[in-house]
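1. Below: sequence and its predicted model.
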Amino acid sequence: MSETARHAAMIASSSPNECALRLLLVDDHPVLRAGLKAMLSAEPNFQVIAEADNGLTAVELALELAPDIILMDVTLPRLNGAEATRQIKLERPALSVIALSVHEELSFARMLHDAGASGYALKRSACEELVRAVRVVAAGGTYIDPSLAGHLMRAAPHGPARVAAVSLSERETEVIKLLAEGLTMKEMAQQLSLSPRTLETYRARALEKLELKTRAELVRFAIRSGWLSRY
């Protein structure tokens with residue numbers, strides 16, 4: 001049975017879930033792909049509707065099935081992940097792609113972003129981080145792995161750094177925004193109804209994800225992210 005026929009049979013036999021996010025999983029390593037599928041399928045509102053092990057099949061299935069999210073390996077046979085993403089976005093601009101990669105070099109993240117990907121996740125990331133990447137992109141956001149966020153911001157000092165912001169949780173974003181605006185921990189505690197200890201935990205976690213160390217770095221990040229529009 002051909003690969004496409006095998007996928008069609010799998011789709012036909014699967015139980016549809018109209019509320020689920022429909023995922024296309026693309027990776028040329030069968031064991032890794034099986035692991036990713038098991039992890040994603042364990043989420044109650046995720047459904048892996050098809051798989052592909054090369055870029056050409058990924059393009060065919062994406063255009064045929066129009067999944068909500070395409071999880072695209074960067075290094076693929078027949079057609080690499082960047083070119084496959086570019087072809088998919090050219091034909092179906094509304095489709096969302098998250099790049100999956102072992103590469104932590106910024107050049108790969110930029111390459112996939114230029115091709116039209118809405119996210120860049122590292123394969124070594126924890127399962128919950130990949131799940132969060134899917135949810136961020138499904139909600140219309142842009143995702144970048146937290147370990148790369150600070151590097152991207154510093155590598156483009158005159159450009160926007162919005163991609164880094166989405167790697168923060170909602171509460172971490174609230175805390176870091178208020179901190180950038182100059183509020184003290186006491187003022188933030190009153191405004192958010194949180195204890196200073198809890199605030200410090202959110203602050204430290206957010207700064208670690210963004211790889212920022214000083215308030216000056218945080219303010220520059222906030223300006224580039226559009227949080228401090230008055231600047």
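-> It's in. All figures in this text were calculated on a predicted structure; none of them were measured in a lab.

2. Which secondary structure element of this protein has the lowest mean pLDDT?
-> Lowest mean confidence among the helices and strands of the chain (mean pLDDT, DSSP states H and E): helix 162-165, at a mean of 41.

3. which SS state does residue 64 fall under?
-> Using DSSP: H, G, I helix; E, B strand; the rest coil, the secondary structure recorded for residue 64 is helix.

4. Give me the distance between it and residue 88.
-> The spacing between residue 64 and residue 88, counted by Cβ to Cβ, to the nearest Å, is 11 Å. For glycine as for every other residue, the C-beta is placed from the backbone atoms N, C-alpha and C.

5. Who has more neighbours out of the two?
-> Using other Cβ atoms under 10 Å, the more surrounded residue of residue 64 and residue 88 is residue 88, with 26 against 14.

6. what about the more buried one, which helix or strand?
-> helix 81-91 (DSSP states H and E).

7. buried stuff in that helix?
-> Neighbour-count burial for helix 81-91, counted by 16 or more other Cβ atoms under 10 Å, picks out 81-82, 84-89.

8. just stretch 193-201 next, same as before
-> 194, 199.

9. CA-only coordinates of it in PDB, if you can.
-> As requested, the backbone C-alpha atoms of stretch 193-201 are provided in PDB (Å, rounded to 0.1, in the frame of the first residue of the first chain):
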ATOM      1  CA  SER A 193      -3.800  40.200  44.000                       C
ATOM      2  CA  LEU A 194      -0.700  38.000  44.200                       C
ATOM      3  CA  SER A 195       1.900  37.600  47.000                       C
ATOM      4  CA  PRO A 196       5.400  39.000  46.500                       C
ATOM      5  CA  ARG A 197       6.800  35.500  46.600                       C
ATOM      6  CA  THR A 198       4.500  34.300  43.800                       C
ATOM      7  CA  LEU A 199       5.300  37.400  41.700                       C
ATOM      8  CA  GLU A 200       9.000  36.800  42.100                       C
ATOM      9  CA  THR A 201       8.600  33.300  40.800                       C
END
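
10. Map the structural domains onto the sequence of the chain.
-> 3-144, 168-224 (automatic domain parsing).

11. Compile those into TSV and extend it with columns for mean pLDDT.
-> Listed next are these as TSV, based on pLDDT from 0 to 100:
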stretch	mean pLDDT
domain 3-144	85
domain 168-224	80
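
12. hey, which of the ones you listed is tucked in deepest?
-> Counting by mean count of other Cβ atoms under 10 Å, domain 3-144 has the highest mean neighbour count of the domains of the chain, with a mean of 18.

13. by contact count, what packs against the longest helix seen in the chain?
-> Longest helix in the chain, counting residues (DSSP state H): helix 196-210. Judged by 3 or more Cβ pairs under 8 Å, 6 or more residues apart in numbering; DSSP states H and E, the packing partners of helix 196-210 are helix 146-155, helix 170-180, helix 185-192.

14. Name the helix or strand for residue 108, please.
-> Element membership of residue 108 [criterion: DSSP H and E] is helix 106-115.

15. Can you name the next helix or strand after that helix?
-> strand 119-122.

16. That following strand pairs with which strands, parallel or anti?
-> Looking at strand 119-122 with DSSP bridges, its partner strands are strand 96-101 (parallel), strand 143-144 (parallel).
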